[in-house]
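> Kindly generate the corresponding structure for this input.
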Amino acid sequence: MSTTSPLDGLRFAFGTLTALPVRVTRWDREAARGGMLSAPVVGLVVGGCAAGLGLLLLYLGASPLLGAVASAAVPAVLTRGLHLDGLADTADGLGSGKPAEDALRIMKQSDIGPFGVLTLVLVLLAQVAALTQLYDTSWALGAVAALVSAATARLALTLAARAGVPAARPEGLGAAVAGVVPVRGAVLTVAAVTPAAAAVGAWWGPYGGGAVVLIGHVEPGALFEPYDAVRPALAVLAALAVAELLLRHCTRRFGGVTGDVFGALAETAATTALVVFCLGR
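Next up, the predicted model:
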């Protein structure tokens with residue numbers, strides 16, 4: 001019986017979910033299971049890079065808007081736009097109103113239709129607007145939001161790859177990862193990531209000790225509020241709920257998931273998390 005090491009899963013996750021030069025050494029169901037369970041780790045790396053570039057530009061005197069654009073651009077660059085492309089294709093498929101077979105054929109086409117373009121514009125505007133507001137409120141809060149939203153985007157993929165969710169096609173990334181994650185494993189991953197996000201918010205948030213370490217100062221007049229500690233956890237749960245609604249709709253419309261649907265889920269979860277971070281500010 002073959003065994004899969006944690007490194008096999010990490011290689012699968014980074015090799016399929018990013019453009020980083022990681023060679024996938026195994027392409028089987030066991031490696032895919034480990035990879036999808038490791039997906040939030042990929043999000044931490046991507047989100048850390050996004051937050052890091054945003055903070056660097058702010059430190060060098062850039063505006064919150066420019067920092068936000070940079071933080072939104074990093075995940076697109078590190079994935080070669082894979083998730084954004086999936087979002088656009090899924091929007092075209094859903095917007096076509098055609099039967100599943102025809103909608104899937106539309107999604108496979110190389111061009112982007114009007115539904116895809118509109119969805120891309122609105123989603124990217126929402127991400128940049130949210131990050132601009134957050135960076136303007138607190139550099140640390142914006143950094144935490146960039147980190148948590150990226151991890152949550154990949155956590156949504158872990159849930160979408162759970163047992164019982166079928167593939168819409170017999171080939172492609174969707175077929176390779178559909179149903180590979182046991183439901184218990186998916187639930188445990190959510191149970192691990194959600195409190196971790198709350199801990200990051202409490203430590204790195206605008207008024208926690210990590211803000212001083214990371215940035216060197218706390219904004220004048222800032223006061224600690226309990227909501228700032230739980231905001232990341234709320235963002236994770238809300239993002240997963242919205243992604244789950246989209247997953248179920250796509251499963252009904254297409255008969256299962258595809259690689260494009262996974263990309264749409266990631267971008268939907270990331271955007272929702274960023275919007276939740278902005279609420280109540």
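
> Surely D89 and G116 touch.
Yes. In this structure, D89 is within contact of G116 by CB atoms under 8 Å, at 6.4 Å. Placement of C-beta: from N, CA and C, glycine included.

> Please say which of the two ends up with more neighbours.
D89 (28 against 23; other CB atoms under 10 Å).

> Contacts only, for that one.
Neighbour list for D89: 106-108, 112, 116, 260, 263-264 [criterion: CB atoms under 8 Å, 6 or more residues apart in numbering].

> OK, contacts around F254?
By CB under 8 Å, 6+ apart, the neighbours of F254 are 93, 100, 103-104, 168, 261.

> switch the cut-off to 7 Å
Taking CB atoms under 7 Å, 6 or more residues apart in numbering, we find F254 in contact with 93, 100, 103-104, 168.

> May I ask which of the residues you listed has the most neighbours?
G93 (30 neighbours).

> give the contact list for it.
103-104, 106-107, 254.

> Tally up the residues packed near V22, please.
There are 16 residues near V22, going by other CB under 10 Å.

> Isn't it up against A13?
No. In this structure, V22 is not within contact of A13 by CB atoms under 7 Å, at 8.6 Å.

> Tell me where the longest helix sits in the chain.
Of all the segments of type helix in the chain, defined by DSSP state H, the longest one is helix 226-254.

> now that one, how far from the chain's geometric center?
11 Å (CA atoms, centre = their mean, to the nearest Å).

> could you give me the average pLDDT of it?
Average pLDDT, helix 226-254: 91.

> and the closest residue to F14 other than its chain neighbours, what does it touch?
Using CB to CB, 6 or more residues apart in numbering and skipping residues adjacent in sequence, the residue nearest F14 is V22, 4.1 Å away. Applying CB under 7 Å, 6+ apart to V22 gives the contacts 11, 14-15.

> What is the end-to-end distance of stretch 95-105?
Distance between the boundary residues of stretch 95-105 (CA to CA, to the nearest Å) amounts to 13 Å.

> can you tell me the average pLDDT over that stretch?
For stretch 95-105, the per-residue pLDDT averages 90.

> Run through who's touching it.
So stretch 95-105 is in contact with 93, 106, 115, 168-169, 253-255, going by CB under 7 Å, 6+ apart.

> out of the residues you listed, who's nearest S71?
F115 (26.2 Å; CB to CB).

> Tell me the buried residues in stretch 72-88?
72-76, 78-79, 81-88 (16 or more other CB atoms under 10 Å).

> picking up where we left off before, among the contacts of D89, which pair sits farthest apart?
I106 and G263 (15.3 Å).

> Alright, I will stop here.
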